[in-house]
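> Prediction below, plus the sequence it came from.
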Amino acid sequence: MATIQRTSDTGLDVLDPATHPGRDAASFRRIIAARKKVKDADAELRAAVRAAREGGDSWAIIGAALDTTRQAAFQRFGHD
């Protein structure tokens, strides 16, 4: 489910059209799309780590796959 932010939460309500004329919102839409991809990728990464642990992989193996230490991998994903 998508989260809808109020303009008061984003700061857009304080923009004055006289000093901030309308522009193409392509960059704005691109940022929103990229943020969604990051969120989706993070969810997939967490699911992959969870599956690896359920499959018996050690934190050392998972850390190597993440290009980090086993301790760092555990700190980030060990409580999911």
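Good, I have the coordinates. Numbering: from 1, shown residues only.
> Please report the distance of D24 from A65.
Using C-beta to C-beta, to the nearest Å, D24 is found at 40 Å from A65. Any C-beta I mention is one placed from the backbone N, CA and C, and that applies to glycine too.
> Which one's more surrounded, the two?
More neighbours surround A65 than the other of D24 and A65, with 13 against 7 (other C-beta atoms under 10 Å).
> so which strand or helix has the closest residue to the more buried one other than its chain neighbours?
The shortest distance from A65 to any non-neighbouring residue, by C-beta to C-beta, 6 or more residues apart in numbering, is to A52 (7.7 Å). A52 belongs to helix 26-54 when assigned by DSSP states H and E.
> Helix or strand next in line after that helix, which one?
Stepping forward along the backbone from helix 26-54, the first helix or strand reached (DSSP H and E) is helix 59-65.
> I'd like to know which elements that next one is packed against.
helix 26-54, helix 70-77 (3 or more C-beta pairs under 8 Å, 6 or more residues apart in numbering; DSSP states H and E).
> pLDDT on that helix, on average?
Averaged across helix 59-65, pLDDT comes to 98.
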